[in-house]
Structure formats: C-alpha cells, structure tokens
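Undergrad: Any chance you can model this:
(one chain, ligands or ions: 3)
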Amino acid sequence: MTKTQIIDSNTPQMLGVIGKISAINYLKEKKPLSFVRTYGCQQNVSDGEKIKGLLEQMGYGFAKSTEEADFIIFNTCAIRENAELKVFGNVGELKKLKKKNPELVIALCGCMMQQEHIVEKIKKSYPYVDIVFGTQAIQTLPKMLLTVLEKHSKVFDTQLHSGVIVENLPIHRDGDIKAWVPIMYGCDNFCTYCIVPYVRGREVSREPQAVLDEVKALVDAGYKDITLLGQNVNSYGKTLEPVVSENGEKIQVRFPQLLKMIDEIDGDFVVRFMTSHPKDCTRDLIDVIADSKHISHHIHLPVQSGNNRVLDMMNRRYTVEKYLELVEYAKSRIDDVAFTSDIIVGFPGETYEEFLDTLKLIKKVGYDSLYTFIYSRRRGTKAAEMPDCATDEEKSKWFRELLKVQDEVGYERYLSYVGKTQRVLLDGESTSKEGYLTGRNSQNILIEVPADKSMIGKFVNVKFTKAVKWALVGEIIK
Ligand code: SAH
Ligand code: SF4
Ligand code: F3S
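TA: Ligands and ions are numbered 1, 2, ... in the order given. The predicted structure is shown next:
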C-alpha cells in the first residue's frame, strides 16, 4: 500500500511566491484576467476550482472568454480519444491569440499532461504553450507562473507524486448551492480499458476530519447540495490509520462510517457521492443510506457491461449476479432508490450476443439514466493490446440500440414518479422555459417547476405532473 503524505499548501515559500505575483499584477494598469476551461469529470472540475482559488489569490480576475484573458489554463481530460482531440483543437486556436498578444501566458494541465507522448506532442507542435503541469502539481502553479513572468522561460512539471495529498489549497467554488468535496484521489483498480490509474496515480484517502471540516464549513456557508468525490468511493479509507475514539476504541473509518459521520452534521442539506465501484459496494453502505437523513437515494453504480466474460476482460472483479444482488438489496432497503450507470459498448473482443446481455441487464435494473460510451483505445492500458472483432460501424449500431433501450427504460422510470410529491432543492433558472426554475430531487433527477427566482437555493415539496425525456415537471405544494 502507498504511504500517504499530507502536505499543507500554506507554506511561507508558497505564500511568498503568491505575494510576489500579486505585487506584479497589482502594478499593472488594469487587473489581469485569467480563463480556466475544465474538461472531463467532477474530479477535474474540483481541481479547476482550486486552480481558480490560486489565481484569485495571485490577483487575477476571471475573463468570460479566451479572447479577454491574460492567462489561459486548459485543465484537460484523457479518458477517451475524442476528449483529447477536442483539447488539441482548442489549443490550436490559441496560436492566433498568442501572436496578437505575446504577453499572453498559456498553461495546460490535468490528466492528458500525465502522458509522455502528449507532452512530447505539445513541445513539438504547440511551442507557444508556456506551462505544462500534471494532476499532482496544482500547488506548484504559482512557482511555475513566477518563472514564466520573471524569466520568460517555459516550465514543465508532470511528475506523478503518488501518495501525496495537498490540503488547504484555496478554492474558488463555481456555485453557492452545490459543492464538490474530494474524499480521495487516484485509483488502484486498473480496469483494463482505463487511463485514470496511470494519470492520477495511486489511491489515497483524505483524513476523515479534513473531509468533515470541509463539509461542515460548506453547510455553515449555506451550501445545500454536497457531492463527495472519488474514483471508487467504496474503497475510501483503505490507506488510513484507524482513528482512536473518545473511549480509546480504535475505529477504521471506511466509506459507510464516513457517510454516517457526515450525515450527523446539523443543517438542511443533501449529500451525494460518486463513483461507487460495485466490487467494493457493501450492504453496510446501503444500510447507512437507508437510515440517513441527508444522503441522496441515488446510487451511481457503473456496471460497464452485462456479460461476465466481458467484465472479466475489463478486470472489473464482480459478476452480473453480484451486481444484481446489490441492486436488489438496495431496492429492498432504500425508499425510491434510483440507479444510474456507465456503459462501454464495443470493448475489444465483445460480441453482439454479449452486448445483448448488457441490454438485458439495463432492463432488469431499470436505470433512471446512463452515461454511454463507445470503447476508445488508450495507449499503455491492457485492453489496448487486446484483439478486436467488431467494426466501428457495428459498434455505432450497437450504441444506437443501447440508447433506444435506455430511452424507453428511463422514460418508464420517470413516468413512475408522476403523481408523487418529493422534496426538491431549487438550484437555478430554467434555460428552456421562462418563469420556471430547475431543481434536483433526492434521486438527482432534473426537475422543472414554475417558481420565482427568489426561491433559488430553497428546498420545496414538488408534486410531479409530467415526465419528459430528461426531466420531471411539477408544481410546488405549499
Ligand atoms: N471511476 C469511475 C469511472 C471514471 S471514468 C468508475 O470506475 O466507475 C468514467 C467512465 O468512462 C467509466 O465508467 C467508463 O464507462 C468510461 N470509460 C473509461 N475509459 C474508457 C475508454 N477507454 N473508452 C470508453 N469509455 C471509457
Ligand atoms: Fe478507471 Fe476502473 Fe479506476 Fe474507474 S475504477 S477510474 S474505470 S480504473
Ligand atoms: Fe478525465 Fe481525468 Fe476525470 S481522464 S474523466 S479528467 S480523472
């Protein structure tokens, strides 16, 4: 097991560097603006909020577009080839901005930068990029930026410091109702298709107290919807030493215990979490959710495939039977429990018959919604070397079949909510319907209700009157 090292970002050196950059920025005629674009998952969004926190401390404002910015950062994702292509396309477009303004500083960070061949390509084909840093170098951003500003040289820091947790980085949160709280970093699972363990390093868990303090502070600050993040939240705590309770008892805090401790925090808020790996999902966890006040009745439980041979090739380490057992137990224990999942179509060697098993499973579980992907080859992963038998056309056809099945299953699920009344957190204005607000119920379904803007941030009881493809429509019940 990797030994965890916790680093406090508030060192005198760090504060000194931040101070120097603020001074440089303060002397400028106009407050310099930064622009951060984040690609990929919530973990990356959370990292993006830390980057913005540092930018704010260094005296930057935030621009609405790349055109207005003095400092541009793209926080990248490597999960599929099209994610990477999108980044390269967007970086290519920055060339003309740099030509117009040679003082513009451009940085690339995140998961893509943790791959050697990508960094080589950037050095060769995108020489106007000034800073490249990896997923574990966020805290070094001020130092790197100072080098660029003072010495006009390029800086690359893509070392993977496995087992390191940086606490106390400033956070500029994107919203004031919803917040992300990482409880762990990295991944040790090595699913054979996946690049994440290579670009995010070994799995490490934050100390329970650090997580509790952050959640408490968010609740005190008025946040109402808190999502705990990890690539596999169900293995939380594996790297932690036991904590000693007041009566001297040693307690090993794993995910169910952590959720329970968070649930005991006073206040009106909902707690969500992602992602649950089925191999580590336990009945304990389901019991904690069932008996909780604040935990959402929604489990995002990525199954990837409904066929045991494919699951084995994927190194997922559970069977369809074990998965269904968990689902059935959760359905029996948690009121109105909702499931969502991730599915990969066209894993190397998958046959059409095996794909049909996935459709069967989807119907059996009855997912509210799915995140569906066509398999994408990732260099350096095990699956990249596996022989493939289906063509791209076949995979696209299977994919369309999958979407059609899920459309029907999801709509059926949504219809089952019509007539029910549930507590809903109103979180913003609807962009499609004037006079409507959007919200989320415990199952994390998008809700639309006619209501005044002043209601944003409040919990209300909503009676659902209609199901549409991606949402439930309802009215507020007094
Ligand atoms: N840690 C999470 C998933 C993170 S990645 C988990 O284990 O569930 C999000 C999703 O992207 C995965 O669940 C998978 O469905 C998909 N994915 C990952 N690698 C992929 C690849 N090479 N091709 C297609 N989809 C992929
Ligand atoms: Fe990737 Fe598997 Fe880790 Fe999820 S659990 S991040 S799919 S290796
Ligand atoms: Fe992408 Fe990295 Fe997340 S590869 S999905 S941003 S962990």
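
Undergrad: In space, what's closest to Glu93 - neighbours in sequence excluded?
TA: Leaving aside its sequence neighbours, Glu93 sits nearest to Thr66 (CB to CB, 6 or more residues apart in numbering; 7.7 Å). For glycine as for every other residue, the C-beta is placed from the backbone atoms N, C-alpha and C.

Undergrad: One more: Ser376?
TA: Nearest to Ser376 is Arg80, by CB to CB, 6+ apart, at 3.8 Å.

Undergrad: list the contacts for that neighbour?
TA: By CB atoms under 8 Å, 6 or more residues apart in numbering, the contact set of Arg80 is Phe373, Ser376, Arg378.

Undergrad: what do you get for Arg173?
TA: Contacts for Arg173 (CB under 8 Å, 6+ apart) come out as Glu49, Ala179.

Undergrad: What mean pLDDT does stretch 390-408 get?
TA: In this model, stretch 390-408 has a mean pLDDT of 97.

Undergrad: Oops, could you answer that again for stretch 254-262 instead?
TA: For stretch 254-262, the mean per-residue pLDDT is 97.

Undergrad: ok, Ile21 to ligand 2 distance?
TA: As for Ile21, its distance to ligand 2 is 34 Å (criterion: CB to the nearest ligand atom, to the nearest Å).

Undergrad: Name the helix or strand for that residue, please.
TA: Ile21 belongs to helix 12-26 when elements are defined using DSSP states H and E.

Undergrad: Also Asp312?
TA: Here Asp312 is assigned to helix 308-313, by DSSP H and E.

Undergrad: can you tell if that helix touches ligand 1?
TA: No: between helix 308-313 and ligand 1, judged by CB under 6 Å from any ligand atom, nothing touches; the nearest distance is 12.3 Å.

Undergrad: quick one on the thing from earlier: pLDDT, neighbour count and secondary structure added to the contacts of Arg80, as JSON lines?
TA: Output for those, formatted as JSON lines (pLDDT from 0 to 100; neighbours: other CB atoms under 10 Å; DSSP: H, G, I helix; E, B strand; the rest coil):
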{"residue": "Phe373", "pLDDT": "98", "neighbour count": "17", "secondary structure": "strand"}
{"residue": "Ser376", "pLDDT": "98", "neighbour count": "17", "secondary structure": "coil"}
{"residue": "Arg378", "pLDDT": "98", "neighbour count": "22", "secondary structure": "coil"}
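
Undergrad: Show me which residues of the protein sit near ligand 1.
TA: Residues of the chain lying close to ligand 1 by CB under 6 Å from any ligand atom are 79-80, 193-194, 196, 231-232, 275, 277, 302, 304, 342, 344, 373, 375-376, 378.

Undergrad: Can you pick out the ones from the residues you listed that are in strands?
TA: Per DSSP state E, strands hold the following members of the residues of the chain next to ligand 1: Asp342, Ile344, Phe373.

Undergrad: List the contacts of the first one.
TA: By CB under 8 Å, 6+ apart, the residues touching Asp342 are Thr275, Pro302, Val303, Gln304, Leu370, Tyr371, Thr372, Phe373.

Undergrad: so how far is ligand 2 from the nearest residue to Val253 once chain neighbours are set aside?
TA: Take Val253 and drop its neighbours on the chain: the residue closest to it by CB to CB, 6+ apart is Pro208, 4.6 Å away. Using CB to the nearest ligand atom, Pro208 is found at 22 Å from ligand 2.

Undergrad: Give me the distance from the helix holding Asp312 to the chain's centre.
TA: When distances are taken as CA atoms, centre = their mean, to the nearest Å, helix 308-313 is centred 26 Å away from the chain's centroid.

Undergrad: tell me what that helix is packed against?
TA: Judged by 3 or more CB pairs under 8 Å, 6 or more residues apart in numbering; DSSP states H and E, helix 308-313 is in contact with no other helix or strand.

Undergrad: Does ligand 2 have contacts with that helix?
TA: No: Helix 308-313 stays clear of ligand 2 (CB under 6 Å from any ligand atom), getting no nearer than 11.7 Å.

Undergrad: Likewise for stretch 333-349?
TA: No: shown here: stretch 333-349 not in contact with ligand 2 (CB under 6 Å from any ligand atom), separated by at least 7.9 Å.

Undergrad: Look at the residue nearest to Glu93 and report its pLDDT.
TA: The predicted structure scores Thr66 at 98 on the pLDDT scale.

Undergrad: Please name the residues that touch it.
TA: With the criterion set at CB under 8 Å, 6+ apart, Thr66 makes contact with Phe35, Arg37, Ile72, Glu93, Leu94, Leu97.

Undergrad: Of those, just say which sits nearest to ligand 1.
TA: Closest approach to ligand 1 among those (CB to the nearest ligand atom): Arg37, at 19.5 Å.

Undergrad: Next one: the spatially closest residue to that closest one that is not a sequence neighbour, what pLDDT does it get?
TA: Of all residues not flanking Arg37 in the chain, Phe74 sits nearest, at 5.2 Å (CB to CB, 6+ apart). For Phe74, the model assigns a pLDDT of 98.

Undergrad: and the gap between Phe74 and Gln42?
TA: Using CB to CB, to the nearest Å, we find Phe74 at a distance of 17 Å from Gln42.

Undergrad: Looking at those two, which has the bigger crowd around it?
TA: Comparing Phe74 with Gln42 by other CB atoms under 10 Å, the one with more neighbours is Phe74, at 22 against 15.

Undergrad: and the closest residue to ligand 2 within the stretch 1-150 of the chain, how many neighbours?
TA: Residue nearest to ligand 2 within the stretch 1-150 of the chain: Ile79 (8.3 Å; CB to the nearest ligand atom). Neighbour count of Ile79, defined by other CB under 10 Å: 21.

Undergrad: go on, Tyr352?
TA: 12.

Undergrad: Kindly confirm whether my reading is correct that it touches Lys395.
TA: No: between Tyr352 and Lys395 there is no contact under CB atoms under 8 Å: 10.2 Å.

Undergrad: residues contacting Met59?
TA: I think there's a mix-up here, since residue 59 is Gly and not Met. Taking CB under 8 Å, 6+ apart as the test, what Gly59 contacts is Ile21, Ser22, Ile24, Asn25, Tyr26, Lys31, Pro32.

Undergrad: follow-up on the earlier one: how near is the residue nearest to Glu93 to Arg37?
TA: Taken as CB to CB, the span from Thr66 to Arg37 is 8 Å.

Undergrad: what residues are shared contacts of the two?
TA: By CB under 8 Å, 6+ apart, Thr66 and Arg37 have these common neighbours: Ile72.

Undergrad: quick revisit: give the buried residues for the helix holding Asp312.
TA: Residues of helix 308-313 classed as buried by neighbour count (16 or more other CB atoms under 10 Å): Asn308, Val310, Leu311, Met313.
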